[in-house]
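Student: Predicted model, plus sequence, below.
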Amino acid sequence: MYYLLILAVVIERLAELVVAQRNARWSFAQGGKEFGRRHYAVMVFLHTALLLGSVVEPWALHRPFIPWLGWPMVAVLALSQGLRWWCVTTLGRHWNTRVIVLPHQPLIRRGPYRLMHHPNYVAVVAEGFALPLVHTAWVTALGFTVANAFLLRVRLRVENAALGYT
């Protein structure tokens, strides 16, 4: 059952990439400018490592499913996916996995963006911690969380500068 959950997340991520590619083409056609391209490959690698680690660690190290941990992590994962897609639908064509900014476009301040600047990263942090812990892959959860913290420092700096946040 756990591996089907991972497969569902992989399919969701592939769907995200399709949406992101379509939105990137539209954004560039509208005069969009990309920022922070250098860190994008690191982000792709890290998220791929999260998915692989979430499969390999429980299998190779015989991690058990512990209901008192696993079921709450499934709930956190579901909530993080809900938040992620709320962000995607709120931003519409402006949403992307890359940092692409359209000139002279006002910032979107509805949906989750009326509450905070970067709600999608709340979803990413929650998912990166919860997904591996569904099946007690604590090494993957800890490794991703630490590496993602370093990546988010770079990513947030790039996005904040690109969007004009101080």
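Tutor: Yep, it's here.

Student: would you list every one of the strands in this protein?
Tutor: Remark: strands assigned in the chain by DSSP state E are 33-35, 99-101.

Student: Most tightly packed of those?
Tutor: Ranked by mean neighbour count under mean count of other C-beta atoms under 10 Å, the strands of the chain are led by strand 99-101, which reaches a mean of 20. The way it works is simple: take the backbone N, C-alpha and C, and place the C-beta from them, glycine included.

Student: That one packs against which elements?
Tutor: For strand 99-101, the packing partners by 3 or more C-beta pairs under 8 Å, 6 or more residues apart in numbering; DSSP states H and E come out as helix 2-29, strand 33-35, helix 138-163.

Student: 7 Å - rerun?
Tutor: With contacts taken as 3 or more C-beta pairs under 7 Å, 6 or more residues apart in numbering; DSSP states H and E, strand 99-101 sits against strand 33-35, helix 138-163.

Student: Make TSV from those and add mean pLDDT to it.
Tutor: Shown next, in TSV, are those (pLDDT from 0 to 100):
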stretch	mean pLDDT
strand 33-35	96
helix 138-163	96
